[in-house]
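Undergrad: I'd like to go over a predicted model; first the sequence, then the structure.
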Amino acid sequence: MSYLTTNGYIGMGKQTAFGTAWGPEVGLFIKYLSESLLQEQDDIKAVEGGQGRNIIEAYKSTHKAGGEVSFYARPDVAGFFLAMAMGADSYAAGPPMQHTLTPALPHYFTIERCIDPATAMFVERIQDCAISEITIEGESSQPWKVTATLMGTKGALLTMPGTPTYEDNDPIMFFDTPVYTHDGVPTTEISKFSIKLSNNLDEWYGTTMTRAAIIAKLLTVEVAFTLKFENATHYKAVYYGGGTAVVDTLDDGNLTVKAGYGAGATERSMQIECKNIKHIGAAVHLAGEAAPIFQECVGYARKVTTDNIIDAVIKGTYSRDYDTNSGE
């Protein structure tokens with residue numbers, strides 16, 4: 001009897017430049033939950049006069065790579081993906097190693113994907129990857145999770161697999177010394193959150209059949225969280241400006257999520273802060289049975305004066321600026 005097994009790996013390395021693939025860095029292999037990395041190709045079906053109703057030829061028009069990777073938020077690997085998406089890393093050596101991430105242009109990196117190292121025959125590198133969208137989410141009693149959607153230019157096959165070196169840190173749990181701050185006030189009433197950063201990437205082909213450029217457009221940050229309904233303060237602020245009549249402005253607020261474990265040199269943590277949120281919804285639904293009442297809150301962050309639209313602080317073991325790689 002045989003059984004199914006997944007012996008492959010996924011590793012990442014920041015590139016020195018567009019068009020230059022780079023192998024995975026030590027410690028930047030993912031213990032992933034799921035992945036949907038694909039090589040996609042488009043074709044043109046040709047029907048030309050004189051051949052009746054038959055398709056007489058097919059032409060390959062474009063070849064593109066990309067997909068989605070989902071994994072539990074261990075600080076080093078989660079920090080890499082956030083840094084590639086956000087663009088700027090201010091690194092301070094530790095221990096713990098601290099990375100302060102702020103918005104800039106996203107970086108290009110290479111994903112190495114080995115489907116089965118036992119055969120030593122199928123290792124694929126997808127180069128010029130850029131993160132179109134990254135979501136960090138947490139839920140009571142669960143590990144934080146990261147889902148990254150990315151675009152790349154093209155793949156290339158290698159003949160031998162690498163040696164995976166996975167991050168040793170445990171995933172960050174929702175209840176690991178948590179600090180969830182809503183509108184400037186720490187609260188224990190948040191049971192779920194989601195922060196989604198989108199670079200809204202576009203593609204350009206020019207004279208190539210693979211992407212000749214990946215272009216970062218509008219940066220958007222969307223937030224959502226579930227808040228236990230303890231009183232009507234937030235509901236009234238969102239819909240009634242804190243009073244009793246509808247107003248023509250959106251309520252301002254902020255959301256900070258932080259969790260981690262350890263202390264001093266052994267601290268492993270992630271903090272993400274959206275300082276200037278416009279709250280656009282806080283719906284409340286009544287249940288027919290006796291049950292807690294929740295508000296499903298949504299909003300988006302914006303740039304205000306010198307504040308960043310989003311900041312992140314990662315404390316872990318990755319001992320180099322995410323802006324660099326071993327060749328820079």
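TA: Structure's in. What do you need?

Undergrad: CA atoms for contacts and neighbours, from now on please.
TA: OK.

Undergrad: now for Val246, how many residues are close by?
TA: Look at Val246: counted by other Cα atoms under 10 Å, it has 13 neighbours.

Undergrad: assign a three-state SS to it, would you?
TA: Of the three states, Val246 takes coil under DSSP: H, G, I helix; E, B strand; the rest coil.

Undergrad: and it, how far from Leu227?
TA: For Val246, the distance to Leu227 (Cα to Cα, to the nearest Å) stands at 22 Å.

Undergrad: how about Gly162, phi and psi?
TA: Backbone torsions for Gly162, taken as degrees, to the nearest 10, come to phi -90, psi -170.

Undergrad: again with Ala85
TA: Here is the backbone geometry of Ala85 (degrees, to the nearest 10): phi -80, psi -40.

Undergrad: need the pLDDT of it.
TA: Ala85 is assigned 96 on the pLDDT scale.

Undergrad: give the burial count for the closest residue to it other than its chain neighbours, as a bare number.
TA: Nearest residue to Ala85 in three dimensions, chain neighbours excluded: Pro106, at 4.9 Å (Cα to Cα, 6 or more residues apart in numbering). Counted with other Cα under 10 Å, the neighbours of Pro106 add up to 21.

Undergrad: quick check: Pro106 vs Leu82, distance?
TA: Look at Pro106 and Leu82: by Cα to Cα, they are 9 Å apart.

Undergrad: how about Asp76?
TA: Distance, Asp76 to Leu82, using Cα to Cα: 10 Å.

Undergrad: sec struct for Ser34, please.
TA: Ser34 ends up strand, using three-state DSSP.

Undergrad: next up, the contacts around it.
TA: Contacts for Ser34 (Cα atoms under 8 Å, 6 or more residues apart in numbering) come out as 69-71.

Undergrad: who are the contact partners of Lys275?
TA: Contacts of Lys275 (Cα under 8 Å, 6+ apart): 253-256, 301, 307-310.

Undergrad: derive a PyMOL selection command for the buried subset of those.
TA: In PyMOL, this line selects whichever of the contacts of Lys275 come out buried by 16 or more other Cα atoms under 10 Å:
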select buried, resi 253+254+255+256+301+308+309+310
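
Undergrad: pick out the lowest-pLDDT one from the contacts of Lys275.
TA: Asp307 (88).

Undergrad: dig out what the most centrally placed residue in the chain forms beta bridges with.
TA: The chain has Ile134 as the residue nearest its centroid, 2.4 Å off, counting by Cα atoms, centre = their mean. The bridge-partner assignment for Ile134, based on DSSP bridges, gives Ala148, Leu197.

Undergrad: thought it was touching Pro106?
TA: No. Between Ile134 and Pro106 there is no contact under Cα atoms under 8 Å: 11.6 Å.

Undergrad: what touches both of the two?
TA: Ala85.

Undergrad: does Phe18 belong to a helix, a strand or coil?
TA: When classified by three-state DSSP, Phe18 comes out as coil.

Undergrad: quick check: which element contains Tyr235?
TA: Applying DSSP states H and E as the criterion places Tyr235 in helix 233-240.

Undergrad: which residues does the helix or strand that comes right after that helix contact?
TA: Downstream of helix 233-240, the next assigned helix or strand under DSSP H and E is strand 251-261. Under the criterion Cα under 8 Å, 6+ apart, residues 172-184, 237-238, 241, 267-280 lie in contact with strand 251-261.

Undergrad: and for stretch 148-155?
TA: Applying Cα under 8 Å, 6+ apart, the set of residues contacting stretch 148-155 is 39, 63-70, 81, 124-135, 210-214.

Undergrad: give the buried subset of the residues you listed as a ChimeraX selection command.
TA: To isolate the buried members of those in ChimeraX, using 16+ other Cα under 10 Å:
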select :63,64,65,66,67,68,69,70,81,124,125,126,127,128,129,130,131,132,133,134,135,210,211,212,213,214
